[in-house]
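1. Requesting a structural model of the entry that follows:
(chains A, B, C and D)
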There are 2 protein chains.
Amino acid sequence: MAGRLFSRRGYYGTSIRDIATALRLQGGSLYAHIAAKEELLWEIVGEAAQAFLSGLEPIVRSEQPPLEKLRQAVAAHLRVVTERQDAAVVFNHEWRALSPKRRQAVLALRDAYEGLFREILAEGQRAGVFRADLDVPLVTRFILTALNGVAVWYRPKGPLSPEQIAAAFVDWAARGLLADPKE
Amino acid sequence: MAGRLFSRRGYYGTSIRDIATALRLQGGSLYAHIAAKEELLWEIVGEAAQAFLSGLEPIVRSEQPPLEKLRQAVAAHLRVVTERQDAAVVFNHEWRALSPKRRQAVLALRDAYEGLFREILAEGQRAGVFRADLDVPLVTRFILTALNGVAVWYRPKGPLSPEQIAAAFVDWAARGLLADPKE
DNA sequence: AATTTAAGCGAACGTTCGTTAGTAAAAAAA
DNA sequence: TTTTTTTACTAACGAACGTTCGCTTAAATT
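-> Just a heads-up that it's a prediction; the model follows:
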């Protein structure tokens, strides 16, 4: 419930009383369940980080062709993004509101995740499947930001399922826009 | 100055006194120059929207091959994103804090911009230069989110110039990851 | 049935918020 | 130089913030 509000109005834009009201409670009553407002944010952010990482790890460690790994990684990422949409938005946009120590922890997890993702591209390059002249860290960042953006506009009742979005993304990311790539 | 603070801590996370202090003023003194806090946000957001739109329009209307248009559009977008980094971040993340009327106006501008960008891809498809089986609105969204993400991590002293980032992006977006696209 | 535990209420706390108003200092115009 | 006009300061405003506390009610345990 806090996740939805944080994702829609931001952490600072959501008051304890807003959250309590959404739960049909009085402001103060929340403090029977939490110690501080930041605990709510921390819980959401941590849960999202965990979901992202635990979804990607087995894929990176598996033995499959690079393109197939990429396919699965994108699908896994978009699964988290669409199934835990609020948490994903909060994870991406509101981690700045955390205390310095926790903010640092989130950044470390995010970097670890980006590193895992990068491995897929690097491995594909070594295997000769992906082009050697690509800047892997840069392209990884492009890919992850594009995928995270889905958390902002995705609607469960929309015309595209998460799987369709994943398929369309990988198709474009792998083969590009050009009909004739020799151009 | 307000732009920097809004981009770093968010609109609600930045108080009038924060902005005044950064300007070596007392809190109340700001109100000799502005009518309300929201004016500051509105000014920044409007400026960014204007910069994006006025950069893209002449490119879309020009007579050039689709791939060249895309190249220039990406370069123009990244020019705004890197030269007015704070405004770009605020434009992308803080427009929710505006009053309903202004929020709607921003959304309309953003939609118009996205529509212009989409035209480039659609035109490329009609010309047979871009693949016909791509979901143009979807890919447009991917492209724009990836490019907007640059506003978050770009640092002027970093290893890559805006032009290099643009070139790397278009190279990937156009030709994809695969070394042999027949895969 | 009595007793402990948990959940929620409602008022209040100290602080910070955006904003206003009166006044003094500085700059510009006359 | 006097007179405006601008700029900033200080103090205060009411409202909203996160949080605490004593009390009541409901649930669970004995």
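
2. Only C-alpha atoms from now on, for both contacts and neighbour counts.
-> Fine.

3. contacting residues for the residue of chain A found nearest chain B?
-> Residue of chain A nearest chain B, by CA to the nearest CA: A:Gly176 (3.8 Å). By CA atoms under 8 Å, 6 or more residues apart in numbering or on different chains, the contact set of A:Gly176 is B:Trp172, B:Ala173, B:Ala174, B:Arg175, B:Gly176, B:Leu177.

4. same thing but at 10 Å, please
-> A:169-170, B:130-131, B:134, B:170-178, B:181 (CA atoms under 10 Å, 6 or more residues apart in numbering or on different chains).

5. For these, which single residue is the most surrounded?
-> For the contacts of A:Gly176, neighbours were counted using other CA atoms under 10 Å in any protein chain shown, and B:Leu177 has the most, 29 neighbours in all.

6. circling back: disregarding flanking residues, what is the spatial nearest neighbour of the residue of chain A closest to chain B?
-> Leaving aside its chain neighbours, A:Gly176 sits nearest to B:Gly176 (3.8 Å; criterion: CA to CA, 6 or more residues apart in numbering or on different chains).

7. A:Thr10 and B:Tyr12 touch, don't they?
-> For the record, residue A:10 is Gly, not Thr. Yes - with contact defined as CA atoms under 10 Å, A:Gly10 reaches B:Tyr12; the gap is 8.5 Å.

8. which neighbours do these two share?
-> B:Glu94, B:Ala97.

9. Those two - which one has more neighbours?
-> Using other CA under 10 Å as the criterion, A:Gly10 and B:Tyr12 rank with A:Gly10 on top: 25 against 16.

10. Report the separation between that one and B:Val152.
-> 17 Å (CA to CA, to the nearest Å).

11. Equivalent analysis for A:Leu56, please.
-> A:Leu56 is 24 Å from B:Val152, by CA to CA.

12. Show me which of those two is the more surrounded one.
-> It is A:Leu56, of A:Leu56 and B:Val152, that has more neighbours when counted by other CA under 10 Å, with 20 against 16.

13. mind checking how far that one is from A:Asp135?
-> Counting by CA to CA, the gap from A:Leu56 to A:Asp135 is 21 Å.

14. who in chain A is up against DNA strand C?
-> Residues of chain A lying close to DNA strand C by CA under 7 Å from any atom of the strand are A:Arg24, A:Leu25, A:Gln26, A:Gly27, A:Gly28, A:Ser29, A:Leu30, A:Ala32, A:His33.

15. Tell me which helix or strand comes right after the helix or strand in which A:Leu144 is found.
-> Taking DSSP states H and E as the definition, A:Leu144 sits inside helix A:136-153. On the C-terminal side of helix A:136-153, the closest following helix or strand by DSSP H and E is helix A:162-175.

16. Please verify my assumption that A:Ala73 contacts A:Ile120.
-> Yes - because the distance of 8.8 Å satisfies CA under 10 Å, A:Ala73 is recorded as touching A:Ile120.
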